[in-house]
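Chemist: need coordinates for the following:
(one chain, ligands or ions: 1)
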Amino acid sequence: MRLLTHLAAALALGGVFACAAGLPAVTARDAQVSGVSLHELRSGRDRYVAKCSGCHRLYSPAAYDDDVWRFQVDDMTAKAKLTDDDVATILTYLTTMNGNESREVASRSAD
Ligand code: HEC
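Modeler: The predicted model follows:
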């Protein structure tokens with residue numbers, strides 16, 4: 001019985017964090033490949049989760065190319081009450097992680 005209770009609690013917690021967990025984690029390799037610091041990429045991801053998950057699901061960075069992300073974030077700036085610094089940091093995260101992810105997939109399937 002106790003085991004079941006623990007399992008249920010673990011499942012419930014998993015559900016709460018599922019949205020943010022679905023986002024690609026920032027790795028040292030992402031920073032190395034992009035030339036953007038790990039600190040800045042992580043800060044962008046944190047702000048994206050904090051500012052953009054209130055009203056709808058978090059879209060994967062890979063969902064849009066750089067230009068479309070610039071448009072989308074601009075469109076959401078007032079809704080999400082973003083500062084200029086938020087916009088810059090969130091866009092750095094989104095436009096870096098979209099590129100890395102698609103390049104990764106492309107180079108793997110070419111093998
Ligand atoms: C106050 C609520 C709210 C917040 C906070 C918010 N959004 Fe939105 N978002 C909406 C609504 C409502 C729509 C649909 C209507 C529209 O496009 O204005 C939307 C639409 C979108 C779309 C378009 C989806 C499509 O199908 O074209 C994207 C992408 C998006 N939001 C990203 C973001 C990002 C990135 C942030 C954080 C910077 C954010 N949202 C924060 C309410 C919000």
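
Chemist: who in the chain is up against the ligand?
Modeler: 51-52, 54-56, 59, 72-73, 75-76, 79-80, 82, 90 (Cβ under 6 Å from any ligand atom). Every C-beta, even on glycine, is put in place using the N, C-alpha and C of the backbone.

Chemist: could you dump these to TSV with neighbour count?
Modeler: Converted to TSV, these look like this (neighbours: other Cβ atoms under 10 Å):
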residue	neighbour count
51	20
52	21
54	8
55	8
56	8
59	14
72	16
73	22
75	10
76	17
79	11
80	19
82	20
90	26
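
Chemist: which of those fall within helices?
Modeler: Taking DSSP state H as the definition of helices, these contribute 51-52, 72-73, 75-76, 90.

Chemist: name the nearest residue to residue 28, ignoring sequence neighbours.
Modeler: Spatial nearest neighbour of residue 28, excluding adjacent residues (Cβ to Cβ, 6 or more residues apart in numbering): residue 38 at 5.9 Å.

Chemist: let me see the confidence value for the one you found.
Modeler: Predicted confidence (pLDDT) at residue 38: the value is 96.

Chemist: likewise the one 3 residues further on?
Modeler: Reading off the per-residue confidence, residue 41 sits at a pLDDT of 97.

Chemist: give me the number of residues near it?
Modeler: Residue 41 has 23 neighbouring residues, counting by other Cβ atoms under 10 Å.

Chemist: between the ones in helices among the residues of the chain next to the ligand, which is nearest residue 30?
Modeler: Using Cβ to Cβ, residue 90 is the member of those that lies nearest residue 30, at 15.4 Å.

Chemist: surely the closest one touches residue 49?
Modeler: No - counting by Cβ atoms under 8 Å, residue 90 does not reach residue 49; the two are 9.9 Å apart.

Chemist: show me where the protein has helices.
Modeler: 2-21, 28-34, 38-52, 66-76, 84-110.

Chemist: now the second one: buried residues?
Modeler: If you call a residue buried by 16 or more other Cβ atoms under 10 Å, then helix 28-34 has these buried ones: 30-31, 34.
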